[in-house]
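Asker: here is a sequence with its predicted model. Questions after.
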Amino acid sequence: MLGASRRTFALTGACRLPEGVCGVRFGGAGLIGRCVYRRSSKRAQQTNRELNPKGIDKGVGVARALEYLGRPGNERTFGFGDSGNDLGMLAAVETAVAMGNAMPEVKAVANYVTDDVAHDGTVTAMRHFGLI
């Protein structure tokens, strides 16, 4: 039986775990979450794993920030992303910028694709849009 305190997390980004692993436990700063994910490939690889409470993403953060600032819309808002966890944010802003090293699905939703992170892509895009 699941307790009422169980929290559900959404896993985004690359999810490569050793074969046979069906749960990952994260700890630190009082947060402990469990993500159920089974990897069946024989090749193990370390990658980033990003967890958000289900229904909460960077897009929700953008909306809350705009609300806090008293801005009714997303006019003149920019988001810079490269991974699946950025998709919510890119959908919430007026101008979505994909980094040059972004995943194909991020580039597909972007209004503009800039240089990669290693080549100052954020600065390049900000100059392109006249922000600096």
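Answerer: Happy to help now that I have it.

Asker: tell me the confidence at the residue lying closest to Ile132 once chain neighbours are set aside?
Answerer: Taking Cβ to Cβ, 6 or more residues apart in numbering as the measure, Ile132 lies nearest to Met126, with 4.7 Å between them; neighbours along the chain are not counted. To be clear about C-beta, it is placed using only N, CA and C from the backbone, and glycine gets the same treatment. At Met126 the predicted local distance difference test score is 94.

Asker: where does Met126 fall, phi/psi-wise?
Answerer: The phi and psi values for Met126, taken as degrees, to the nearest 10, are phi -60, psi -40.

Asker: with Val97 instead?
Answerer: In terms of degrees, to the nearest 10, the main-chain angles of Val97 are phi -120, psi 120.

Asker: so what sits opposite it in the bridge?
Answerer: Under DSSP bridges, the beta-bridge partners of Val97 are Phe80, Tyr112.

Asker: right, and it touches Tyr112 too?
Answerer: Yes - counting by Cβ atoms under 8 Å, a contact exists between Val97 and Tyr112, whose distance comes to 5.1 Å.

Asker: pull up the overlap in contacts between the two.
Answerer: Here Val97 and Tyr112 have Ala125 as joint contacts, going by Cβ atoms under 8 Å, 6 or more residues apart in numbering.

Asker: these two: who's more crowded?
Answerer: Neighbour count, other Cβ atoms under 10 Å: between Val97 and Tyr112, Val97 has more, with 26 against 15.

Asker: number of nearby residues for Pro53?
Answerer: Residues lying near Pro53 (other Cβ under 10 Å) number 13.

Asker: begin at 883 from here
Answerer: Okay, residue one is now 883; in that scheme the one you just asked about reads as Pro935.

Asker: ok, what's across the strand from it?
Answerer: Beta-bridge partners of Pro935, counted by DSSP bridges, are Phe891.
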